[in-house]
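Peer 1: here is my input; please provide its structure:
(chains A and B)
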2 protein chains.
Amino acid sequence: MDDYSTILIKNARILGKNENIPQSLLIKNDKIEDIGSNISQYNVDKIIDAKNKILMPGLINTHTHISMTLFRGLADDMSLNTWLNDYIWPTESYLNGEYCYIGALLGIVELIKSGTTTFNDMYFYMEDIANAVDDSGIRACLSYGMIDFADSQKREDQIKKNLELFKTCNNTVNDRIKVFLGPHAPYTASKELLMKTRQLADKLNTKIHIHISETKKEVDDIINQTGLRPFEYLDSIGFLGPDVIAAHAVWLNDEEIKIIKKHNVKISHNPCSNMKLASGISPVYKMINENICVSIGTDGASSNNNLDLIEEMKTASLLQKVNTLNPKALNACKTIEMATINGAYTLGLENEIGSIEIGKKADIILIDTENVNMVPDSNYLESNIVYAANGSNVDTTICNGKILMENKKLLTLDESYIYKQARAAIEELKNLKD
Amino acid sequence: MDDYSTILIKNARILGKNENIPQSLLIKNDKIEDIGSNISQYNVDKIIDAKNKILMPGLINTHTHISMTLFRGLADDMSLNTWLNDYIWPTESYLNGEYCYIGALLGIVELIKSGTTTFNDMYFYMEDIANAVDDSGIRACLSYGMIDFADSQKREDQIKKNLELFKTCNNTVNDRIKVFLGPHAPYTASKELLMKTRQLADKLNTKIHIHISETKKEVDDIINQTGLRPFEYLDSIGFLGPDVIAAHAVWLNDEEIKIIKKHNVKISHNPCSNMKLASGISPVYKMINENICVSIGTDGASSNNNLDLIEEMKTASLLQKVNTLNPKALNACKTIEMATINGAYTLGLENEIGSIEIGKKADIILIDTENVNMVPDSNYLESNIVYAANGSNVDTTICNGKILMENKKLLTLDESYIYKQARAAIEELKNLKD
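Peer 2: Reported below is the predicted structural model:
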């Protein structure tokens, strides 16, 4: 990858900013330096001609397990229990840092190619995933997935691992990595682990990434154990706050929506995963109407089975429309906000990323309108992006002022080599498991 | 387009046929001549190396309004009434044969690029759409959308138009075009028109393409008018039969599912359109379990907003899973059947297309596994195709033994020219409307 200290993108249709009049955007180092029609082309290191391209913020995927991209297509069309017990967990038990690194690289290739510049990940061997983030040039928030099943020894070990990750990686690689705390879920993390996490989040001033209320079974189990529904239980132990990122949030009653609103909890909606695993439909439109901050995640590729956030936007919008029988629910603009600025708010990066503004980080994608599914392009561009496009329409991806993909060619990663390594890794894992 | 009388596709992983062992497939003229590992490469006109590619049947889209591709992004996120009354119908009133031809070409570019080789279309100016089918090399079933609103003069005119289409186009362009009868819907076509259509279908031995039970309002209106639900009403007037292709079929009770089964009516399921217009969720899994033939359609691009049948497969499967809370519902293999052989049965072409068999027409696509969303590819290929892929993964499209796209390059149509024409057409139409 060539390092340019200034990049001029010219002739771009900037989404939401007078988009029918081509403009220029100047990047200086990692930031957007200027936007307008009279920016000089002289003395810039690199010019990108964005004729026939839409310029918009890089997408923000707020819930992933990036290394699980290795497990794409490994096990589908089965119950959550069979999927976890017979396939995912037995295979995961043979994971190591090298496998997680290659899985992360594979996932990051997919993210960059489909226009995502920031992802929020929870898994194991997170230092190796940080290395993949470093090597690729993408931006990420990383949490170690802490599971203690009420075992105090295990609890200490898990907290230690997340804290080590924080110490080693937080604010590293040009500030592209943030480290969060990752108690897996209220059914896998004990009350003690959850409360310790809350203390540490306050002390370290970082965020908490957790799965909550993904399935009806989980809700029923927590009611059986505590007498309370998951968000009520988490409220009762003082766990909730504006720094909590709750993935899924499918099974909510109105009281829980009030609790989420009261604490300004951030929700990561994962429609494809919730549909594919038959978990249920999250009341996203209701939450949006309550001004709750809802963003979008793909979850891992083993339950999706891709990491295409443009596709995920369409699914999010369509699912709310049909579920509320209201075709106006989650319109295209609102859905794009969910995948951009809401994602930034969710990760506490709203002053840095999520919109195209002078002074913000240059996390930018270009979408090619010379693809058949984007023609005509004189109507509502937002509609074309949400309802007609998919990740393959992304032409150029820039993160932190560096070009990661230009004209669909990756500049920081060797695709073919990664495919080869990933194929070998999953074969080895399957052999180890059998 | 070069015309080859023999084409050998070698090194292909043929879906569902020992797919991990590369094989060859020989095309002679319009048909599949041989499949195996020992087919001679000598004396063939053209060799396609399908290394790293999956070979499968061309997809069959059983409900489209192809010329409406011009209206992509024109009007979204609004009620069906506003959409129809304020945007679609006023714009359609300025359509002519030239606009419909260019709209059809735009749609056909999208179909070919995303792996569809046959589409079932209902609209106006169908002779012009037949010309686009002829020029492009794709396969189509065409119906004139007959609407009489109980006006006998209009009825005669509409029937005449559909009959003229039948006379002019049925079995033309190397048998790639079939003409069906297209009474629009039970709420826009009178009982007299429906009964006349039934007579004509029997006489001409052709099929009937109709919208049925798309919205709850439609069902309520028909109950108000007739005292019966739509399928009950259509049964009562003797309209139904195995030659009826019912698009949508969203609002069905168990009695209607029995009626559909009894008459072997074919259902075209259009999940994206039904979700986007907030029409509702069709009980597809229930119908599949009753052995009713359900295929997949995209509907027009103005209510989808693309024509990507691979994306539509994913939506179909995921929507049934979440709606039944059963992750095993509509598994990947079953979903692929819906988009291939079920489509062929629906159109009465099951002896010609819809599967890879010696003697069938060579309607074939190749999907490239060297794309990130298809890696790894050693697990379940069907899962990768339904859950991870989209239309952009299609590399090569062959219809009736002719190569329409090779290595993502269209051979029969000039994409850029069509985009230019389509853009001009929609601008003219918008100006005429305003």
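
Peer 1: C-alpha from now on. contacts and neighbour counts both.
Peer 2: Fine.

Peer 1: could I have stretch A:339-354 exported to PDB, CA atoms only?
Peer 2: Output of stretch A:339-354 as PDB, limited to C-alpha atoms (Å, rounded to 0.1, in the frame of the first residue of the first chain):
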ATOM      1  CA  ALA A 339     -25.300   1.400   9.400                       C
ATOM      2  CA  THR A 340     -23.200   4.600   9.700                       C
ATOM      3  CA  ILE A 341     -23.700   7.300  12.300                       C
ATOM      4  CA  ASN A 342     -25.700   5.100  14.700                       C
ATOM      5  CA  GLY A 343     -22.900   2.600  14.500                       C
ATOM      6  CA  ALA A 344     -20.400   5.400  15.400                       C
ATOM      7  CA  TYR A 345     -22.600   6.500  18.400                       C
ATOM      8  CA  THR A 346     -22.800   2.800  19.500                       C
ATOM      9  CA  LEU A 347     -19.000   2.500  19.600                       C
ATOM     10  CA  GLY A 348     -18.400   6.000  21.100                       C
ATOM     11  CA  LEU A 349     -16.800   7.100  17.900                       C
ATOM     12  CA  GLU A 350     -19.400   9.600  16.800                       C
ATOM     13  CA  ASN A 351     -16.900  12.500  16.800                       C
ATOM     14  CA  GLU A 352     -14.500  10.400  14.600                       C
ATOM     15  CA  ILE A 353     -16.500   8.400  12.100                       C
ATOM     16  CA  GLY A 354     -19.900   7.600  10.800                       C
END
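
Peer 1: so how far is chain B from A:N38?
Peer 2: The gap separating A:N38 from chain B is 28 Å, by Cα to the nearest Cα, to the nearest Å.

Peer 1: isn't there a strand covering that residue?
Peer 2: No - under the criterion used here (DSSP: H, G, I helix; E, B strand; the rest coil), A:N38 is coil, not part of a strand.

Peer 1: and for it, the neighbour number?
Peer 2: A:N38 has 10 neighbours, counted by other Cα atoms under 10 Å in any protein chain shown.

Peer 1: let me see the contact set for it.
Peer 2: A:N38 makes contact with A:S24, according to Cα atoms under 8 Å, 6 or more residues apart in numbering or on different chains.

Peer 1: lowest-pLDDT helix or strand in chain A?
Peer 2: helix A:80-82 (a mean of 84; mean pLDDT, DSSP states H and E).

Peer 1: name the SS class of the residue nearest in space to the middle of chain A, please.
Peer 2: In chain A, the residue lying closest to the centroid (Cα atoms, centre = their mean) is A:N61, at 1.8 Å. Under three-state DSSP, A:N61 falls in the strand class.

Peer 1: if we can go back for a sec, buried stuff in the least confident helix or strand of chain A?
Peer 2: For helix A:80-82, burial by neighbour count (16 or more other Cα atoms under 10 Å in any protein chain shown) applies to A:L80.

Peer 1: likewise for stretch A:416-426?
Peer 2: Counting neighbours by 16+ other Cα under 10 Å, one finds that the buried residues in stretch A:416-426 are A:418-419, A:421-426.

Peer 1: can you tell if that stretch touches chain B?
Peer 2: Yes - Stretch A:416-426 is in contact with chain B by Cα under 8 Å from any Cα of the partner chain, via A:416, A:419, A:422-423, A:426.

Peer 1: and the stretch 201-350 of chain A, which residues reach chain B?
Peer 2: Where the stretch 201-350 of chain A comes near chain B, counting by Cα under 8 Å from any Cα, the residues are A:272, A:274-281, A:304-307, A:315, A:317-319, A:321-329, A:331-332.

Peer 1: in the stretch 51-200 of chain A, what residue comes closest to chain B?
Peer 2: For the stretch 51-200 of chain A, the residue closest to chain B is A:D77, as judged by Cα to the nearest Cα, at 4.5 Å.

Peer 1: what bridges to the nearest residue to A:G58 once chain neighbours are set aside?
Peer 2: Nearest residue to A:G58, sequence neighbours excluded (Cα to Cα, 6 or more residues apart in numbering or on different chains): A:I364, at 4.6 Å. Note on A:I364: beta-bridge partners by DSSP bridges are A:P57, A:I398.

Peer 1: got a list of what A:I364 touches?
Peer 2: A:I364 touches A:55-58, A:117, A:356, A:397-399, counting by Cα under 8 Å, 6+ apart.

Peer 1: will you turn those residues into JSON lines that also has pLDDT?
Peer 2: Listed next are the contacts of A:I364 as JSON lines, based on pLDDT from 0 to 100:
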{"residue": "A:L55", "pLDDT": "98"}
{"residue": "A:M56", "pLDDT": "98"}
{"residue": "A:P57", "pLDDT": "98"}
{"residue": "A:G58", "pLDDT": "98"}
{"residue": "A:T117", "pLDDT": "99"}
{"residue": "A:I356", "pLDDT": "98"}
{"residue": "A:T397", "pLDDT": "98"}
{"residue": "A:I398", "pLDDT": "98"}
{"residue": "A:C399", "pLDDT": "98"}
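
Peer 1: neighbours around A:T188, how many?
Peer 2: A:T188 has 15 neighbours, counted by other Cα under 10 Å.

Peer 1: I'd assumed A:I147 was in contact with it.
Peer 2: Yes - with contact defined as Cα atoms under 8 Å, A:T188 reaches A:I147; the gap is 5.5 Å.

Peer 1: coming back round to it: hang on, the residue nearest to the centre of chain A packs against A:T298?
Peer 2: Yes - A:N61 is within contact range of A:T298, at 6.7 Å (criterion: Cα under 8 Å).

Peer 1: shared neighbours of the two, anything?
Peer 2: In contact with both A:N61 and A:T298: A:L309, using Cα under 8 Å, 6+ apart.

Peer 1: could you report the pLDDT at A:Q225?
Peer 2: For A:Q225, the pLDDT comes out at 96.

Peer 1: same thing with the one 3 residues further on?
Peer 2: According to the predicted model, the pLDDT of A:L228 comes to 98.

Peer 1: swap in A:L163?
Peer 2: Note on A:L163: pLDDT of 98.

Peer 1: what does the least confident helix or strand of chain A contact?
Peer 2: A:277, B:327.

Peer 1: show me where chain A dips below the pLDDT cut-off.
Peer 2: Scanning chain A for pLDDT under 70 picks out A:1-2.

Peer 1: kindly recompute the last result at 90.
Peer 2: For chain A, the stretches with pLDDT under 90 are A:1-3, A:18-20, A:37-38, A:40-43, A:79-85, A:150, A:378-380, A:433-434.

Peer 1: tell me how it divides into domains.
Peer 2: A:6-57+A:361-410, A:59-346 (automatic domain parsing).

Peer 1: format the CA atom coordinates belonging to stretch A:194-212 as PDB.
Peer 2: Only the C-alpha atoms of stretch A:194-212 are listed here, as PDB (Å, rounded to 0.1, in the frame of the first residue of the first chain):
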ATOM      1  CA  LEU A 194     -21.300  -9.000  35.000                       C
ATOM      2  CA  MET A 195     -20.800  -6.800  38.100                       C
ATOM      3  CA  LYS A 196     -17.000  -7.000  37.800                       C
ATOM      4  CA  THR A 197     -17.300  -6.000  34.200                       C
ATOM      5  CA  ARG A 198     -19.400  -3.000  35.100                       C
ATOM      6  CA  GLN A 199     -16.700  -1.900  37.700                       C
ATOM      7  CA  LEU A 200     -13.900  -2.300  35.100                       C
ATOM      8  CA  ALA A 201     -15.800  -0.500  32.400                       C
ATOM      9  CA  ASP A 202     -16.300   2.500  34.700                       C
ATOM     10  CA  LYS A 203     -12.700   2.400  35.800                       C
ATOM     11  CA  LEU A 204     -11.200   2.000  32.300                       C
ATOM     12  CA  ASN A 205     -13.700   4.300  30.700                       C
ATOM     13  CA  THR A 206     -14.400   1.700  28.000                       C
ATOM     14  CA  LYS A 207     -17.500   0.000  26.700                       C
ATOM     15  CA  ILE A 208     -19.200  -3.400  27.200                       C
ATOM     16  CA  HIS A 209     -20.200  -5.700  24.300                       C
ATOM     17  CA  ILE A 210     -22.600  -8.400  25.200                       C
ATOM     18  CA  HIS A 211     -25.300 -10.600  23.700                       C
ATOM     19  CA  ILE A 212     -28.800 -10.100  25.300                       C
END
